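Trainee: could you look at this predicted model? Sequence included:
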Amino acid sequence: MILAIESSCDDSSIAVVEIESKKLMFHKKISQELAHSVYGGVVPELASRLHAEALPKILEEAKVYFKNLKAVAVTNAPGLSVTLQEGVMMAKGLSIALNLPVIPVNHLIGHIYSLFVEKEEIKPMMVLLVSGGHTKILQFNGINNICEIGSTLDDSFGESFDKCAKMLGLNYPGGPEIEKLAVSGERCVNLPLPLRNSSKIEFSYSGLKNAVRLAIESNQYKKKDIAASFQAKAIEHLVFMSKRAIKKYKPKNFAIVGGASANKVLRNEFEKLSKKFNFNLFYPDMKYTSDNAAMIARAAIEFYKNGEFVDFRDIKIIPRIN
Ligand code: KG4
Ligand code: ZN
(Lines give C-alpha, C1' and ligand atoms only; values in the text may rest on other atoms or scores of the structure.)
(Ligands and ions follow the chains in the order given, each with its own letter.)
Protein backbone atom coordinates (compact mmCIF):
# COMPACT_ATOMS: atom_id res chain seq x y z
CA MET A 1 0.00 0.00 0.00
CA ILE A 2 0.94 3.65 -0.40
CA LEU A 3 0.07 6.38 2.08
CA ALA A 4 -0.39 9.82 0.48
CA ILE A 5 -0.47 13.27 2.06
CA GLU A 6 -1.97 16.45 0.57
CA SER A 7 -1.49 19.91 2.13
CA SER A 8 -0.84 22.24 -0.82
CA CYS A 9 -3.50 24.79 0.18
CA ASP A 10 -6.35 24.67 2.69
CA ASP A 11 -7.26 20.98 2.84
CA SER A 12 -5.42 18.52 5.09
CA SER A 13 -5.87 15.06 3.67
CA ILE A 14 -4.38 11.57 3.93
CA ALA A 15 -5.22 8.49 1.88
CA VAL A 16 -4.03 4.88 1.77
CA VAL A 17 -4.34 2.86 -1.46
CA GLU A 18 -3.65 -0.71 -2.34
CA ILE A 19 -1.17 -0.71 -5.21
CA GLU A 20 -2.42 -3.63 -7.30
CA SER A 21 -6.20 -3.29 -6.87
CA LYS A 22 -6.10 0.57 -6.65
CA LYS A 23 -8.60 0.21 -3.83
CA LEU A 24 -8.86 3.16 -1.48
CA MET A 25 -8.38 1.66 1.98
CA PHE A 26 -8.51 4.94 3.88
CA HIS A 27 -9.31 8.53 2.97
CA LYS A 28 -9.92 11.50 5.21
CA LYS A 29 -9.87 15.22 4.69
CA ILE A 30 -10.20 18.15 7.08
CA SER A 31 -11.04 21.36 5.26
CA GLN A 32 -10.05 24.78 6.60
CA GLU A 33 -12.54 26.73 4.47
CA LEU A 34 -14.48 28.04 7.45
CA ALA A 35 -11.36 29.36 9.21
CA HIS A 36 -10.26 31.27 6.10
CA SER A 37 -13.70 32.51 5.09
CA VAL A 38 -13.50 35.25 7.77
CA TYR A 39 -10.54 36.69 5.83
CA GLY A 40 -12.07 36.26 2.35
CA GLY A 41 -9.21 34.01 1.21
CA VAL A 42 -6.50 31.62 2.38
CA VAL A 43 -4.10 33.05 4.98
CA PRO A 44 -0.91 31.00 4.49
CA GLU A 45 0.39 31.17 8.06
CA LEU A 46 -2.99 30.17 9.50
CA ALA A 47 -3.28 27.37 6.92
CA SER A 48 0.11 26.01 7.90
CA ARG A 49 -0.81 26.01 11.61
CA LEU A 50 -4.10 24.22 10.91
CA HIS A 51 -2.31 21.55 8.83
CA ALA A 52 0.09 21.01 11.75
CA GLU A 53 -2.96 20.30 13.94
CA ALA A 54 -5.04 18.28 11.48
CA LEU A 55 -2.52 16.04 9.70
CA PRO A 56 -1.27 14.15 12.80
CA LYS A 57 -4.88 13.57 13.89
CA ILE A 58 -5.72 12.00 10.52
CA LEU A 59 -2.45 10.05 10.45
CA GLU A 60 -3.25 8.43 13.78
CA GLU A 61 -6.40 6.94 12.24
CA ALA A 62 -4.35 5.47 9.38
CA LYS A 63 -1.87 3.79 11.74
CA VAL A 64 -3.31 0.30 11.21
CA TYR A 65 -1.99 0.38 7.66
CA PHE A 66 1.62 1.28 8.57
CA LYS A 67 2.75 -2.36 8.46
CA ASN A 68 1.52 -2.69 4.85
CA LEU A 69 3.20 0.41 3.44
CA LYS A 70 5.67 0.26 0.56
CA ALA A 71 6.04 4.03 0.06
CA VAL A 72 4.84 7.41 1.26
CA ALA A 73 3.62 9.94 -1.32
CA VAL A 74 3.31 13.67 -0.78
CA THR A 75 2.30 16.74 -2.76
CA ASN A 76 5.49 18.75 -3.18
CA ALA A 77 4.42 21.24 -5.88
CA PRO A 78 2.80 23.65 -6.67
CA GLY A 79 1.08 25.32 -3.72
CA LEU A 80 1.80 27.51 -0.73
CA SER A 81 5.35 26.89 0.49
CA VAL A 82 4.44 26.97 4.20
CA THR A 83 1.60 24.48 3.75
CA LEU A 84 3.46 22.14 1.36
CA GLN A 85 6.14 22.08 4.05
CA GLU A 86 3.74 20.56 6.60
CA GLY A 87 2.94 17.55 4.40
CA VAL A 88 6.53 17.11 3.30
CA MET A 89 7.79 17.17 6.92
CA MET A 90 5.30 14.46 7.81
CA ALA A 91 6.36 12.38 4.79
CA LYS A 92 10.02 12.71 5.79
CA GLY A 93 9.21 11.62 9.35
CA LEU A 94 7.32 8.57 8.10
CA SER A 95 10.11 7.77 5.65
CA ILE A 96 12.68 7.76 8.47
CA ALA A 97 10.53 5.93 11.02
CA LEU A 98 9.18 3.23 8.69
CA ASN A 99 12.13 3.09 6.31
CA LEU A 100 10.03 3.93 3.23
CA PRO A 101 10.93 5.62 -0.04
CA VAL A 102 9.16 8.89 -0.84
CA ILE A 103 7.12 9.64 -3.97
CA PRO A 104 6.79 13.41 -4.58
CA VAL A 105 3.60 14.18 -6.54
CA ASN A 106 2.79 17.32 -8.49
CA HIS A 107 -0.63 18.58 -7.38
CA LEU A 108 -1.79 19.21 -10.96
CA ILE A 109 -0.97 15.64 -11.96
CA GLY A 110 -2.91 14.66 -8.84
CA HIS A 111 -5.97 16.53 -10.16
CA ILE A 112 -5.75 14.59 -13.45
CA TYR A 113 -5.63 11.33 -11.47
CA SER A 114 -8.74 12.37 -9.51
CA LEU A 115 -10.47 10.95 -12.61
CA PHE A 116 -8.97 7.52 -11.97
CA VAL A 117 -9.48 6.98 -8.22
CA GLU A 118 -10.21 3.25 -7.88
CA LYS A 119 -10.27 3.09 -11.70
CA GLU A 120 -7.99 2.38 -14.64
CA GLU A 121 -6.33 5.27 -16.51
CA ILE A 122 -7.94 6.51 -19.71
CA LYS A 123 -5.46 7.86 -22.24
CA PRO A 124 -4.91 9.81 -24.38
CA MET A 125 -7.15 12.53 -23.04
CA MET A 126 -7.38 16.30 -23.30
CA VAL A 127 -7.82 17.82 -19.84
CA LEU A 128 -9.22 21.18 -18.81
CA LEU A 129 -7.89 21.94 -15.33
CA VAL A 130 -9.88 24.60 -13.46
CA SER A 131 -8.79 25.18 -9.89
CA GLY A 132 -8.06 28.04 -7.53
CA GLY A 133 -4.44 28.30 -8.67
CA HIS A 134 -4.58 27.17 -12.31
CA THR A 135 -6.52 27.25 -15.56
CA LYS A 136 -4.93 25.03 -18.17
CA ILE A 137 -5.66 22.83 -21.13
CA LEU A 138 -3.35 19.83 -21.03
CA GLN A 139 -2.76 16.82 -23.23
CA PHE A 140 -2.49 13.74 -21.02
CA ASN A 141 -0.81 10.69 -22.52
CA GLY A 142 0.39 9.07 -19.29
CA ILE A 143 1.93 10.08 -15.97
CA ASN A 144 5.23 11.21 -17.53
CA ASN A 145 3.77 12.46 -20.77
CA ILE A 146 1.68 15.56 -20.15
CA CYS A 147 2.00 18.69 -22.30
CA GLU A 148 0.48 22.08 -21.88
CA ILE A 149 -1.73 23.38 -24.70
CA GLY A 150 -2.81 26.61 -23.04
CA SER A 151 -2.81 28.42 -19.72
CA THR A 152 -4.02 31.62 -18.09
CA LEU A 153 -2.16 34.88 -18.52
CA ASP A 154 -3.30 36.21 -15.13
CA ASP A 155 -5.99 35.04 -12.67
CA SER A 156 -7.29 31.49 -12.70
CA PHE A 157 -10.95 30.55 -13.25
CA GLY A 158 -11.53 29.59 -9.59
CA GLU A 159 -9.62 32.62 -8.33
CA SER A 160 -11.87 34.93 -10.37
CA PHE A 161 -14.92 33.37 -8.64
CA ASP A 162 -13.24 33.85 -5.25
CA LYS A 163 -12.39 37.49 -5.99
CA CYS A 164 -15.79 38.38 -7.46
CA ALA A 165 -17.50 36.67 -4.51
CA LYS A 166 -15.43 38.78 -2.13
CA MET A 167 -16.45 41.97 -3.99
CA LEU A 168 -20.09 40.85 -3.77
CA GLY A 169 -19.76 40.28 -0.02
CA LEU A 170 -20.04 36.48 -0.33
CA ASN A 171 -18.09 33.84 1.56
CA TYR A 172 -14.86 32.04 0.64
CA PRO A 173 -14.56 29.87 -1.43
CA GLY A 174 -16.49 31.96 -3.91
CA GLY A 175 -17.18 29.30 -6.57
CA PRO A 176 -20.06 27.49 -4.84
CA GLU A 177 -21.40 30.81 -3.46
CA ILE A 178 -21.60 32.43 -6.89
CA GLU A 179 -23.06 29.29 -8.42
CA LYS A 180 -25.82 29.27 -5.76
CA LEU A 181 -26.62 32.98 -6.10
CA ALA A 182 -26.58 32.78 -9.91
CA VAL A 183 -29.42 30.23 -10.01
CA SER A 184 -32.05 32.91 -9.42
CA GLY A 185 -30.21 35.66 -11.35
CA GLU A 186 -30.61 36.93 -14.90
CA ARG A 187 -27.71 37.26 -17.30
CA CYS A 188 -28.52 40.92 -17.95
CA VAL A 189 -25.22 42.60 -17.05
CA ASN A 190 -23.14 43.26 -20.13
CA LEU A 191 -19.64 41.91 -19.46
CA PRO A 192 -16.79 41.45 -21.96
CA LEU A 193 -15.74 38.04 -23.30
CA PRO A 194 -12.00 37.83 -22.48
CA LEU A 195 -9.43 37.58 -25.31
CA ARG A 196 -12.11 37.64 -27.99
CA ASN A 197 -9.53 38.74 -30.57
CA SER A 198 -6.68 36.47 -29.54
CA SER A 199 -5.81 33.75 -32.03
CA LYS A 200 -4.09 31.61 -29.38
CA ILE A 201 -5.35 29.04 -26.87
CA GLU A 202 -5.01 31.01 -23.65
CA PHE A 203 -7.11 32.42 -20.82
CA SER A 204 -7.46 35.69 -18.94
CA TYR A 205 -9.78 36.49 -16.06
CA SER A 206 -8.47 39.79 -14.67
CA GLY A 207 -10.37 41.97 -17.18
CA LEU A 208 -13.65 40.19 -16.47
CA LYS A 209 -13.06 40.59 -12.73
CA ASN A 210 -12.51 44.33 -13.27
CA ALA A 211 -15.72 44.61 -15.29
CA VAL A 212 -17.55 42.95 -12.39
CA ARG A 213 -16.04 45.52 -10.01
CA LEU A 214 -17.32 48.36 -12.22
CA ALA A 215 -20.78 46.77 -12.42
CA ILE A 216 -20.91 46.53 -8.61
CA GLU A 217 -19.74 50.11 -8.20
CA SER A 218 -22.38 51.39 -10.65
CA ASN A 219 -25.10 50.31 -8.15
CA GLN A 220 -27.37 49.53 -11.10
CA TYR A 221 -27.64 45.77 -10.78
CA LYS A 222 -28.84 43.12 -8.36
CA LYS A 223 -26.10 40.92 -6.88
CA LYS A 224 -27.72 37.76 -8.23
CA ASP A 225 -27.77 39.21 -11.77
CA ILE A 226 -24.08 40.14 -11.52
CA ALA A 227 -23.31 36.61 -10.26
CA ALA A 228 -25.28 34.98 -13.10
CA SER A 229 -23.75 37.24 -15.77
CA PHE A 230 -20.21 36.78 -14.47
CA GLN A 231 -20.54 33.00 -14.19
CA ALA A 232 -21.97 32.74 -17.72
CA LYS A 233 -19.16 34.85 -19.21
CA ALA A 234 -16.40 33.09 -17.27
CA ILE A 235 -17.70 29.73 -18.57
CA GLU A 236 -18.22 31.07 -22.10
CA HIS A 237 -14.50 31.96 -22.13
CA LEU A 238 -13.58 28.40 -21.08
CA VAL A 239 -15.86 26.97 -23.78
CA PHE A 240 -14.54 29.38 -26.44
CA MET A 241 -10.89 28.42 -25.86
CA SER A 242 -11.61 24.71 -25.29
CA LYS A 243 -13.55 24.61 -28.56
CA ARG A 244 -10.48 26.03 -30.32
CA ALA A 245 -8.29 23.29 -28.78
CA ILE A 246 -10.85 20.60 -29.64
CA LYS A 247 -11.07 21.75 -33.27
CA LYS A 248 -7.29 21.77 -33.54
CA TYR A 249 -6.46 18.46 -31.81
CA LYS A 250 -9.74 16.53 -32.23
CA PRO A 251 -9.58 14.58 -28.93
CA LYS A 252 -11.69 11.45 -28.45
CA ASN A 253 -11.62 11.92 -24.68
CA PHE A 254 -11.95 15.21 -22.83
CA ALA A 255 -12.00 15.71 -19.05
CA ILE A 256 -12.59 18.62 -16.70
CA VAL A 257 -10.79 18.44 -13.35
CA GLY A 258 -10.02 20.71 -10.38
CA GLY A 259 -12.18 22.34 -7.71
CA ALA A 260 -14.24 24.32 -10.22
CA SER A 261 -15.15 21.18 -12.20
CA ALA A 262 -17.94 20.82 -9.60
CA ASN A 263 -19.79 23.72 -11.27
CA LYS A 264 -23.02 22.41 -12.82
CA VAL A 265 -23.46 25.18 -15.38
CA LEU A 266 -19.92 24.49 -16.61
CA ARG A 267 -20.66 20.75 -16.81
CA ASN A 268 -23.84 21.46 -18.79
CA GLU A 269 -22.03 23.63 -21.32
CA PHE A 270 -19.39 20.97 -21.89
CA GLU A 271 -22.06 18.27 -22.22
CA LYS A 272 -23.43 20.29 -25.17
CA LEU A 273 -19.93 20.63 -26.62
CA SER A 274 -19.30 16.89 -26.32
CA LYS A 275 -22.43 16.15 -28.36
CA LYS A 276 -21.51 18.72 -31.02
CA PHE A 277 -17.89 17.58 -31.40
CA ASN A 278 -18.47 13.93 -30.57
CA PHE A 279 -16.00 13.30 -27.75
CA ASN A 280 -16.32 11.34 -24.49
CA LEU A 281 -16.59 13.70 -21.53
CA PHE A 282 -15.23 12.82 -18.07
CA TYR A 283 -15.23 14.46 -14.64
CA PRO A 284 -13.99 13.25 -11.28
CA ASP A 285 -16.59 12.03 -8.77
CA MET A 286 -17.90 15.07 -6.90
CA LYS A 287 -16.01 14.04 -3.75
CA TYR A 288 -12.69 14.21 -5.62
CA THR A 289 -13.11 17.54 -7.47
CA SER A 290 -11.57 19.67 -4.69
CA ASP A 291 -8.17 18.98 -3.13
CA ASN A 292 -7.79 15.51 -1.62
CA ALA A 293 -5.16 12.86 -0.94
CA ALA A 294 -7.00 10.07 -2.82
CA MET A 295 -5.96 11.63 -6.15
CA ILE A 296 -2.34 11.99 -4.93
CA ALA A 297 -2.33 8.34 -3.86
CA ARG A 298 -3.75 7.26 -7.24
CA ALA A 299 -1.05 9.17 -9.15
CA ALA A 300 1.59 7.73 -6.80
CA ILE A 301 0.62 4.18 -7.86
CA GLU A 302 1.83 4.98 -11.39
CA PHE A 303 5.12 6.46 -10.12
CA TYR A 304 5.57 3.44 -7.85
CA LYS A 305 5.13 1.03 -10.76
CA ASN A 306 7.78 2.98 -12.69
CA GLY A 307 10.16 2.75 -9.74
CA GLU A 308 10.18 6.53 -9.38
CA PHE A 309 11.09 7.19 -5.73
CA VAL A 310 13.35 9.63 -3.95
CA ASP A 311 15.29 9.53 -0.73
CA PHE A 312 13.71 11.75 1.96
CA ARG A 313 16.82 13.97 1.87
CA ASP A 314 16.14 14.83 -1.76
CA ILE A 315 12.52 16.01 -1.64
CA LYS A 316 12.24 19.56 -2.87
CA ILE A 317 9.28 21.85 -2.41
CA ILE A 318 8.44 23.80 -5.58
CA PRO A 319 5.68 26.31 -4.63
CA ARG A 320 5.36 27.83 -8.10
CA ILE A 321 5.43 26.06 -11.43
CA ASN A 322 5.02 28.34 -14.48
O1 KG4 B 1 -8.76 22.37 -6.85
P2 KG4 B 1 -9.15 23.21 -5.70
O3 KG4 B 1 -9.93 22.58 -4.58
O4 KG4 B 1 -7.91 23.90 -5.06
C5 KG4 B 1 -6.81 24.35 -5.83
O6 KG4 B 1 -5.99 23.51 -6.24
O7 KG4 B 1 -6.79 25.58 -6.09
O8 KG4 B 1 -10.00 24.43 -6.33
C9 KG4 B 1 -10.53 25.42 -5.50
C10 KG4 B 1 -11.16 26.47 -6.41
C11 KG4 B 1 -11.61 27.71 -5.64
O12 KG4 B 1 -11.16 28.84 -6.33
C13 KG4 B 1 -13.13 27.59 -5.67
O14 KG4 B 1 -13.81 28.84 -5.62
C15 KG4 B 1 -13.35 26.90 -6.99
O16 KG4 B 1 -12.32 25.93 -7.05
N17 KG4 B 1 -14.66 26.25 -7.03
C18 KG4 B 1 -15.64 26.59 -7.90
C19 KG4 B 1 -16.77 25.79 -7.57
N20 KG4 B 1 -16.42 24.98 -6.51
C21 KG4 B 1 -15.13 25.27 -6.20
N22 KG4 B 1 -15.67 27.49 -8.90
C23 KG4 B 1 -16.82 27.62 -9.59
N24 KG4 B 1 -17.93 26.90 -9.33
C25 KG4 B 1 -17.96 25.98 -8.32
N26 KG4 B 1 -19.07 25.29 -8.06
ZN1 ZN C 1 -6.14 21.70 -6.28
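Mentor: The structure has been received and is ready for your questions. Ligands and ions are numbered 1, 2, ... in the order given.

Trainee: what's the residue nearest the centre of the chain sitting at in phi/psi?
Mentor: Centroid-nearest residue in the chain: residue 258, 3.1 Å away (criterion: Cα atoms, centre = their mean). Reported as degrees, to the nearest 10, the phi and psi values for residue 258 are phi 100, psi 160.

Trainee: who's in contact with stretch 54-68?
Mentor: Contacts to stretch 54-68, defined as Cβ atoms under 8 Å, 6 or more residues apart in numbering, come from residues 1, 3, 5, 7, 12-14, 16, 25-26, 28-30, 32, 86-87, 90, 98. Where you see a C-beta, it was placed from the backbone N, CA and C, and this is true even at glycine.

Trainee: go with 7 Å
Mentor: Stretch 54-68 is touched from outside by 1, 3, 5, 7, 12, 14, 16, 25-26, 28, 30, 86-87, 90, 98, with contacts defined as Cβ atoms under 7 Å, 6 or more residues apart in numbering.

Trainee: if any of these are buried, put those into a ChimeraX selection.
Mentor: Remark: buried members of the contacts of stretch 54-68, expressed as a ChimeraX selection using 16 or more other Cβ atoms under 10 Å:
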select :1,3,5,7,12,14,16,25,26,28,30,86,87,90
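
Trainee: what's the closest of the contacts of stretch 54-68 to ligand 1?
Mentor: residue 7 (11.7 Å; Cβ to the nearest ligand atom).

Trainee: in this structure the closest one contacts residue 87, no?
Mentor: Yes. Residue 7 is within contact range of residue 87, at 3.6 Å (criterion: Cβ atoms under 7 Å).

Trainee: what about the chain, any weak spots by pLDDT?
Mentor: 321-322 (pLDDT under 70).

Trainee: can you pull out the helices in it?
Mentor: 33-37, 44-61, 81-98, 107-113, 157-167, 174-182, 206-217, 223-249, 264-277, 293-305 (DSSP state H).

Trainee: now the first one: buried residues?
Mentor: Buried positions in helix 33-37, judged by neighbour count with 16+ other Cβ under 10 Å: 35, 36, 37.

Trainee: including distance to residue 307, could those residues go into a markdown table?
Mentor: Shown next, in a markdown table, are those (distance: Cβ to Cβ, whole Å):
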| residue | distance to residue 307 |
| --- | --- |
| 35 | 40 |
| 36 | 39 |
| 37 | 43 |
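
Trainee: circling back: number of residues surrounding the nearest residue to the residue nearest to the centre of the chain once chain neighbours are set aside?
Mentor: Using Cβ to Cβ, 6 or more residues apart in numbering and skipping residues adjacent in sequence, the residue nearest residue 258 is residue 131, 3.5 Å away. A count of nearby residues for residue 131, using other Cβ atoms under 10 Å, gives 24.

Trainee: distance check, the residue of the chain positioned farthest from its centre against residue 251.
Mentor: Going by Cα atoms, centre = their mean, the residue of the chain most distant from its centre is residue 220, 34.4 Å out. From residue 220 across to residue 251, the span is 42 Å (Cβ to Cβ, to the nearest Å).

Trainee: and for residue 171?
Mentor: 36 Å.

Trainee: next: residue 150.
Mentor: Noted for residue 150: a distance of 14 Å to residue 251, by Cβ to Cβ.

Trainee: burial of the nearest residue to residue 301 once chain neighbours are set aside, as a residue count?
Mentor: In space, and not counting its chain neighbours, residue 301 is closest to residue 19: 5.6 Å by Cβ to Cβ, 6+ apart. Number of residues near residue 19 (other Cβ under 10 Å) recorded here: 16.
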